[in-house]
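# based on what follows, work out the 3D shape:
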Amino acid sequence: MLPLEDVHVLDLSLLLPGPLCTQILRDMGARVTKIEPPAPGDYMALWPPMAGDVSAGYLAVNRGKQVLSLDLKKPEDRERFLEMVADADVVVEGFRPGVIDRLGIGYDRLHERNPRIVVCSISGYGATGPLSQRAGHDLNYQALAGVLSISGGDGPMPPNPQLQAADTAAGSYVGAMLILAALLERQRTGTGRHIDLSMSEQLLPLMTTSFATVAAEGRDLRRDGEILSGGAPCYRIFRTADGRFISVGALEPKFWFALVDVLGLPELKQINHVDIEQNDEVVEKLCTAFGSKTLEEWKQLFAEADACVEPVLTFEEVKRLPQWQARGSFEEVPTSDGRTLTLPKMPASLAGFGR
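Here you go, the predicted model:
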């Protein structure tokens, strides 16, 4: 039996953060009813590439959910939703703060119908503060949380991140964690609660060590030149002879010693490998060494070395990695046009619950 099999979730959210949050709950056993507005419904379903009659991205975060169309501006549809709330456990919504209150389905109204209901409101900046009504997307949230100021190495400007960290890590995963905590609390108190989740705010604790460094040293962090952003020769990405890349995370002395032994540079054991003031000569030696062989050659040389060195893989290579195959980390999801999508499993499967 999956841990959330007796939990019913009503998902009013669109796009990525809320749907991924409820997908995590669904993959832990919850029954999820996704309530979408009338056509076009969830815009994400129309974003290419398509996987049958919906987009691949939509399918990835809405698998196994029951989808229901309701126009919550209509009294009869609103009443139908409230009837569903009476027998539900969780409501997840991603409207701008205040919208559900104006629709007549705010937390107080839902609590009247069902005192045990847990409502998770996911928004960019939260329900309070001067930015609460400001529109935004992941890139904006990362900008205001300081993430972009330390991203991009020595490039001319911060990059557009491919990973939507605010939407996923700070929104979906934190949302699922807080919902689980509220459900646990409800077992003790018999009463649900309203969770006000700000995706931009929840990026801040993800950078706790960065803020600790800023506080301790009284300076802002640079996009390059810090220990973990290329300043130390032991924690960098290097180019190989065939134009591929390899990651080095040899922070501890024992890993650094193993690294330089494989590279044939034993003289580098004498340096302070975490010194961000290290001269360019050390990095140049490492670049020259890694540039002398292909990625496949280095993979074979480091296969038995305990040095924290791993290849930078493409997505296709990630799916074929024996480690993930051994753990069953991916699953094949059928599409309406007869194909399958290879997608990562959610945490429940990785934690051993399985499906």
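# drop to CA atoms for contacts and neighbour counts, all remaining ones
OK.
# counting contacts, what elements does the helix or strand hosting Glu284 pack onto?
Using DSSP states H and E, Glu284 sits within helix 280-290. Identification of packing neighbours for helix 280-290 by 3 or more Cα pairs under 8 Å, 6 or more residues apart in numbering; DSSP states H and E yields strand 235-239, helix 253-263.
# my guess is Ser13 meets Pro19, correct?
Yes. Ser13 is in contact with Pro19 according to Cα atoms under 8 Å; the separation is 6.2 Å.
# ok, the two, which is more surrounded?
Comparing Ser13 with Pro19 by other Cα atoms under 10 Å, the one with more neighbours is Pro19, at 27 against 24.
# please report how far the nearest residue to Val7 once chain neighbours are set aside lies from Lys65.
Nearest in space to Val7, with sequence neighbours left out and distances taken as Cα to Cα, 6 or more residues apart in numbering, is Ala30 at 5.0 Å. Look at Ala30 and Lys65: by Cα to Cα, to the nearest Å, they are 10 Å apart.
# the stretch 151-300 of the chain: helices as residue ranges?
Assigned by DSSP state H, counting those that start in this stretch, the helices in the stretch 151-300 of the chain fall at 174-189, 199-203, 208-217, 253-263, 280-290, 295-302.
# figure out which of these is closest to Val147.
helix 199-203 (8.0 Å; Cα to Cα).
# alpha carbons of that closest one, as CSV, please.
Taking C-alpha atoms only, helix 199-203 is exported to CSV below (Å, rounded to 0.1, in the frame of the first residue of the first chain):
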residue,chain,number,x,y,z
MET,A,199,8.5,30.2,-4.7
SER,A,200,11.0,33.1,-4.7
GLU,A,201,11.3,33.1,-0.9
GLN,A,202,11.8,29.3,-0.8
LEU,A,203,14.9,29.7,-3.0
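# give the other helices and strands that it contacts.
helix 138-144.
# list the buried residues of the helix it packs on.
Neighbour-count burial for helix 138-144, counted by 16 or more other Cα atoms under 10 Å, picks out 138-139, 141-142.
# do the same with stretch 164-181
Within stretch 164-181, the residues scored as buried using 16+ other Cα under 10 Å are 164-176, 178-180.
# buried sites along stretch 317-328?
Applying 16+ other Cα under 10 Å to stretch 317-328 flags Lys319 as buried.
# CA atoms only: put it into PDB for me.
The C-alpha trace of stretch 317-328 is given here as PDB (Å, rounded to 0.1, in the frame of the first residue of the first chain):
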ATOM      1  CA  GLU A 317      23.400   9.100 -21.700                       C
ATOM      2  CA  VAL A 318      21.700   9.800 -18.400                       C
ATOM      3  CA  LYS A 319      18.800   7.500 -19.200                       C
ATOM      4  CA  ARG A 320      21.300   4.700 -20.100                       C
ATOM      5  CA  LEU A 321      23.500   5.100 -17.000                       C
ATOM      6  CA  PRO A 322      23.700   1.700 -15.300                       C
ATOM      7  CA  GLN A 323      23.200   3.300 -11.900                       C
ATOM      8  CA  TRP A 324      19.800   4.700 -12.800                       C
ATOM      9  CA  GLN A 325      18.900   1.500 -14.600                       C
ATOM     10  CA  ALA A 326      19.800  -0.600 -11.600                       C
ATOM     11  CA  ARG A 327      17.500   1.600  -9.400                       C
ATOM     12  CA  GLY A 328      14.700   1.800 -11.800                       C
END
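# list the residues that contact the residue nearest to Val7.
Contact analysis of Ala30 by Cα atoms under 8 Å, 6 or more residues apart in numbering lists 4-9.
# one more time with 10 Å
Contacts for Ala30 (Cα atoms under 10 Å, 6 or more residues apart in numbering) come out as 2-9, 22-24, 65, 89-90.
# cool, and Gln202?
Contacts here follow Cα under 10 Å, 6+ apart; on that basis Gln202 touches 124-126, 141, 145, 165-166, 169-171, 174-175.
# and for Val119?
Residues in contact with Val119, defined by Cα under 10 Å, 6+ apart, are 9-10, 89-93, 106-107, 110-111, 179, 182, 192-196.
# what's the closest non-adjacent residue to Ile195?
Nearest to Ile195 is Cys120, by Cα to Cα, 6+ apart, at 4.6 Å.
# could you report the separation of that neighbour from Ala212?
30 Å.
# tell me which of those two has more neighbours.
Just comparing Cys120 and Ala212: by other Cα under 10 Å the higher neighbour count belongs to Cys120, 24 against 11.
# I'd assumed Ala176 was in contact with that one.
Yes. Cys120 lies in contact with Ala176 (Cα atoms under 10 Å); the separation is 9.0 Å.
# give the residues shared as contacts by these two.
Jointly contacting Cys120 and Ala176 under the rule Cα under 10 Å, 6+ apart are 18, 92, 182.
# out of those, who's nearest Ala250?
When the shared contacts of Cys120 and Ala176 are compared for distance to Ala250 (Cα to Cα), Gly18 comes out closest, at 37.3 Å.
# any idea how far Ser149 is from that closest one?
For Gly18, the distance to Ser149 equals 26 Å [Cα to Cα].
# between these two, who's got more neighbours?
Applying other Cα under 10 Å to Gly18 and Ser149 shows that Gly18 carries more neighbours, namely 28 against 17.
# which SSE is immediately downstream of the host helix or strand of the more buried one?
Using DSSP H and E, Gly18 falls within helix 17-27. Going down the chain from helix 17-27, the next helix or strand is strand 31-36, by DSSP H and E.
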